[in-house]
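**Q** Sequence and predicted structure, then a few things I'm wondering about:
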Amino acid sequence: MTTTTLAALVPLLPFLGAAAGLLLGRTAPGFVRPLAVLPTLAALVLAALVAVRQGGGQAVDAATELTPTGSVPVELALHIDGFAALVAVLVGFVASCVQIYSTGYLRDDPRYPSYAALVSLFTSAMLLVVYSGDLIVLLVGWEVMGICSYFLVGHYWETPEARAASLKAFLVTKLGDIPFLIGLFALATDAGSFQITKVLGMVASGGLDHPTLVALLLLAGVAGKSAQFPLHTWLPDAMAGPTPVSALIHAATMVAAGVYFVARLLPVFQASSAAMVVLAVMAAVTMAGSALAALAQDDIKRVLAYSTIGQLGYMTGALAVGDRGAAVFHLLSHGAFKALLFLAAGVIIHAAGTNSLAAMSRMTGLRDRVPDAYWTMTVALLALAAIPPFSGFFSKESVLGAAEHVIVGHTEHAPAAAGWTVLVAGLLTALLTAAYATRLWLLAFRGHGTEAPDHGRQPLTMTVVLWVLAVPSLAFGGLAYAALPSWFDGRDLTPTLTTSILGTGLALVGGLVTYGAWQRTTALAARAPMGAVAAHPEGDAGLVEAEAIASHKPAYGDVAYAPDPADPGRLLLGPLHRHAAVGFHLDAVYDVLFVRPVQAGASLVRFLDREVVDTYVRGAGALPRWLGAAVRRAQTGNVQTYVSALLAGAVVLAVAAVLVATGA
């Protein structure tokens with residue numbers, strides 16, 4: 001079987017699994033779990049075979065015209081280089097882990113068949129984006145992921161938080177997709193084709209007429225899809241969906257799509273120095289702002305959500321300094337440890353029996369009750385904090401090293417301003433990342449919250465997946481940095497001495513300072529303990545997230561909520577804490593700038609429609625109605641009246657005729 005045929009089957013198998021799962025979900029429920037897991041596993045195996053055959057060498061290209069358009073053709077094209085081959089393996093690996101994990105996590109969920117089918121469709125759409133060599137076909141996968149995220153984030157549609165989060169995710173990403181679509185059309189118009197290879201050839205020959213405008217239009221879509229400032233606000237709220245969905249969205253699909261798109265079309269952005277600086281500033285603000293927000297969150301999933309935003313900022317920062325190898329290296333590394341973090345958080349939620357216990361201030365005794373989650377999450381947090389020799393260290397240092405190369409003039413692919421912006425923000429974020437990772441570990445596993453009811457051991461499918469993901473979280477970086485350059489344009493990914501010392505030193509400082517702050521706040525809390533907080537209601541495992549999904553809010557229904565007095569984040573952030581806890585009020589700003597004006601405009605339109613348009617319509621119908629009423633009065637049904645009117649009319653006509661004749 002040819003490499004092209006294998007590659008075509010990779011996105012096709014999960015799609016067929018999704019279709020079969022939807023059709024058989026009610027009539028043959030016993031087939032739902034096999035149809036969820038087996039096609040995704042088969043796609044992973046085929047993606048691995050494609051990667052082995054591609055081997056980081058010459059790109060595999062194939063194309064056939066999909067439909068005649070009369071102008072720029074749309075083609076079903078494949079373009080598989082080293083980047084595409086490895087990212088597809090990541091997508092298949094994480095999706096397989098999520099599907100296996102979900103069989104235990106959602107075993108009692110009556111909507112599991114539709115959930116599993118949507119996850120398979122989500123996976124198929126991302127694989128289509130990864131392998132596609134045509135921008136329009138890529139756009140199809142891009143948009144299918146958007147609609148899948150809408151349904152999956154809103155899985156618990158009974159809760160208003162889930163409904164609002166799904167709608168917000170859909171609308172914010174669509175806000176970026178509109179200029180993104182215009183940018184794609186502009187590229188195709190200049191190149192005369194939607195094929196990625198032809199577009200890149202056109203850029204290399206200097207045929208792109210308006211590089212800055214096109215790059216900025218495309219960046220709007222990337223900011224929405226990959227949750228970058230200022231269109232990142234949907235991602236923390238997307239935690240209303242089931243935890244396995246969060247793992248899939250954050251680790252291998254949806255948010256990774258924007259980074260991957262820029263990596264694939266990086267020469268388009270490099271054609272404009274202004275666009276590269278904008279990309280660098282976007283990455284810097286995203287990194288630092290999200291890390292500060294993560295340090296102030298109480299819900300464990302929202303901490304991880306802001307963490308994802310920050311790590312995506314590292315990836316876009318690498319792209320801003322022209323090193324797509326470092327960006328995709330961090331994408332691969334991050335995919336493993338972030339999936340592990342979310343799935344371990346799911347084990348914690350499952351053990352607690354209610355999503356409200358995702359609030360770290362209420363956790364206690366979890367180290368002994370969920371040892372698998374404890375050890376694997378510790379590995380993932382060390383990778384997130386970029387502590388050597390864990391995978392995050394090597395991939396993060398490749399980003400900082402790329403920024404340093406730009407500063408010292410070893411590359412001309414990006415302006416020095418972009419290098420300085422990414423390096424300074426990256427080092428600051430390294431400090432903050434270690435701080436919030438340490439805080440999460442301390443509050444989750446060494447906290448002094450309310451003891452939650454023990455809901456027994458977790459299904460084997462959940463714990464096994466954690467250990468499977470722990471392996472690449474620990475070993476991927478060290479094994480990959482030497483082998484990946486041959487797959488990634490031959491660019492060196494070896495950590496540099498300067499950035500390694502600075503980055504690791506700052507990470508250690510962040511962790512130690514947070515630990516010291518935790519000890520201080522714990523001692524203060526012991527001397528002046530707060531009142532006990534009422535226990536939260538229990539819930540059934542798998543459906544527990546539908547009960548109190550808004551755990552990031554200051555209250556849980558009618559149950560009073562008291563913040564943990566031993567929270568080191570409050571001490572570290574000081575007066576900034578209350579602003580960071582709500583994402584620096586960006587949602588409130590958008591409400592003032594966009595939501596309220598739109599609502600006011602809608603009210604004006606409704607008023608004009610009711611008072612002007614409807615009045616005109618009513619007036620237009622009033623005259624015929626009045627005339628009809630007058631005519632109706634003449635229709636009395638009395639024959640004598642009709643004869644009298646006839647005679648009167650005849651007399652009038654006779655008189656008129658005489659007058660006319662006399663006048664003549």
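**A** Cool, got the structure.

**Q** how many neighbours does Met1 have?
**A** Using other Cβ atoms under 10 Å, Met1 has 8 other residues around it. Where you see a C-beta, it was placed from the backbone N, CA and C, and this is true even at glycine.

**Q** repeat for Leu86
**A** 24.

**Q** Check the gap between the most centrally placed residue in the chain and Ile249 for me.
**A** For the chain, Val255 is the residue whose C-alpha lies nearest the centre (Cα atoms, centre = their mean; 4.4 Å). Val255 sits 6 Å away from Ile249, going by Cβ to Cβ, to the nearest Å.

**Q** just to revisit the earlier point, what is the burial count for the closest residue to the residue nearest to the centre of the chain other than its chain neighbours?
**A** Nearest residue to Val255 in three dimensions, chain neighbours excluded: Ser226, at 4.9 Å (Cβ to Cβ, 6 or more residues apart in numbering). Using other Cβ under 10 Å, Ser226 is surrounded by 28 other residues.

**Q** where are the low-confidence patches of this protein?
**A** For the chain, the stretches with pLDDT under 70 are 352-358, 364-365, 410, 448-456, 528-565, 664.

**Q** Strands along that one, start to end?
**A** 60-67, 74-80 (DSSP state E).

**Q** right, so these: which one is the most enclosed?
**A** strand 74-80 (a mean of 22; mean count of other Cβ atoms under 10 Å).

**Q** what about it, distance to the chain center?
**A** Strand 74-80 sits 25 Å away from the centroid of its parent chain (Cα atoms, centre = their mean, to the nearest Å).

**Q** Check stretch 577-591 too.
**A** 19 Å.

**Q** Mind jotting down where the helices sit in the stretch 451-600 of the chain?
**A** Taking DSSP state H, counting those that start in this stretch as the test, the helices found in the stretch 451-600 of the chain are 460-483, 497-527, 568-573, 577-580, 586-590, 596-608.

**Q** Can you add mean neighbour count and distance to Ala125 and give those back as a markdown table?
**A** Listed next are these as a markdown table, based on neighbours: other Cβ atoms under 10 Å; distance: least, Cβ to Cβ, whole Å:
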| stretch | mean neighbour count | distance to Ala125 |
| --- | --- | --- |
| helix 460-483 | 20 | 22 |
| helix 497-527 | 17 | 35 |
| helix 568-573 | 22 | 37 |
| helix 577-580 | 16 | 34 |
| helix 586-590 | 14 | 27 |
| helix 596-608 | 10 | 29 |
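
**Q** so can I have CSV of those showing distance to Val408?
**A** Formatted as CSV, the helices of the stretch 451-600 of the chain follow (distance: least, Cβ to Cβ, whole Å):
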stretch, distance to Val408
helix 460-483, 20
helix 497-527, 10
helix 568-573, 33
helix 577-580, 34
helix 586-590, 35
helix 596-608, 47
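
**Q** What separation do you get for Phe93 and Ala336?
**A** Counting by Cβ to Cβ, the gap from Phe93 to Ala336 is 8 Å.

**Q** before we move on, what about Pro110?
**A** 32 Å.

**Q** do Gly516 as well
**A** 30 Å.

**Q** Next: Leu128.
**A** Per Cβ to Cβ, Leu128 is found 22 Å from Ala336.

**Q** Compare those two and say which one has the larger neighbour count.
**A** Ala336 (29 against 22).

**Q** what residues are up against the nearest residue to that one once chain neighbours are set aside?
**A** Among residues not flanking Ala336 along the chain, Pro472 sits closest, at 3.9 Å (Cβ to Cβ, 6+ apart). Going by Cβ atoms under 8 Å, 6 or more residues apart in numbering, Pro472 touches Ser333, Ala336, Phe337, Ser391.

**Q** just Asp492 next, same as before
**A** Pro485.

**Q** just the one 4 residues further on next, same as before
**A** Remark: with contacts taken as Cβ under 8 Å, 6+ apart, Thr496 is in contact with Glu397, Leu400, Gly401, Glu404.

**Q** How about the second one: what's its closest non-neighbour residue?
**A** This points to Leu400. Thr499 is the one closest to Leu400 (Cβ to Cβ, 6+ apart), at 3.8 Å.

**Q** Distance-wise, check that neighbour relative to Leu427.
**A** Applying Cβ to Cβ to Thr499 and Leu427 gives a distance of 8 Å.

**Q** overlap in contacts of the two?
**A** Contacts common to Thr499 and Leu427, judged by Cβ under 8 Å, 6+ apart, are Leu400.

**Q** my guess is Ser290 meets Thr233, correct?
**A** No. If you go by Cβ atoms under 8 Å, Ser290 and Thr233 don't touch, sitting 10.8 Å apart.

**Q** which of the two has more neighbours?
**A** Set Ser290 next to Thr233 and count neighbours by other Cβ under 10 Å: Ser290 wins out with 31 against 18.

**Q** Contact partners for the more buried one?
**A** Ser290 is in contact with His232, Tyr306, Ser307, Ile309, Gly310, Gly313, counting by Cβ under 8 Å, 6+ apart.

**Q** Between the residues you listed, identify the one with the most neighbours.
**A** When neighbours are counted as other Cβ under 10 Å, the busiest of the contacts of Ser290 turns out to be Gly313, with 32 neighbours.

**Q** Pull out the buried positions in stretch 367-384.
**A** Under the neighbour-count criterion of 16 or more other Cβ atoms under 10 Å, stretch 367-384 has 369-370, 372-374, 376-384 buried.

**Q** Please convert those to CSV, extending it with distance to Asp177.
**A** Listed next are those as CSV, based on distance: Cβ to Cβ, whole Å:
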residue, distance to Asp177
Arg369, 43
Val370, 39
Asp372, 39
Ala373, 36
Tyr374, 40
Thr376, 36
Met377, 34
Thr378, 38
Val379, 36
Ala380, 31
Leu381, 34
Leu382, 36
Ala383, 32
Leu384, 29
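
**Q** Please enumerate the helices of the stretch 101-250 of the chain.
**A** Remark: helices assigned in the stretch 101-250 of the chain by DSSP H, counting those that start in this stretch are 112-131, 135-153, 160-191, 196-204, 211-225, 234-237, 243-251.

**Q** quick revisit: so the residue nearest to Leu400 sits against Ile407, correct?
**A** No. Thr499 is beyond contact range of Ile407, at 10.4 Å (criterion: Cβ under 8 Å).

**Q** joint contacts of these two?
**A** Joint contacts of Thr499 and Ile407 (Cβ under 8 Å, 6+ apart) are Leu423.

**Q** nearest residue to Leu121 other than its sequence neighbours?
**A** Ala18 (4.1 Å).

**Q** still on that earlier bit, right, so of the helices of the stretch 451-600 of the chain, which gets closest to Ala271?
**A** helix 497-527 (27.6 Å; Cβ to Cβ).

**Q** what's the spacing between that closest one and its chain's center?
**A** So, by Cα atoms, centre = their mean, the centroid of helix 497-527 is 30 Å from its chain's centroid.

**Q** And for stretch 471-489?
**A** 25 Å.

**Q** Same question for stretch 607-616.
**A** Remark: stretch 607-616 is offset 41 Å from the chain centroid, using Cα atoms, centre = their mean.

**Q** With stretch 102-119 instead?
**A** The answer for stretch 102-119 is 20 Å, by Cα atoms, centre = their mean.

**Q** Could you give me the buried positions within it?
**A** Buried, per 16+ other Cβ under 10 Å, within stretch 102-119: 102-106, 109, 112-119.

**Q** so who does Gln458 touch?
**A** Gly104, Val347, His350, Ala351, Val370, Asp372.

**Q** Let's see that with 7 Å instead.
**A** Shown in contact with Gln458 (Cβ atoms under 7 Å, 6 or more residues apart in numbering): Gly104, Val347, His350, Ala351.
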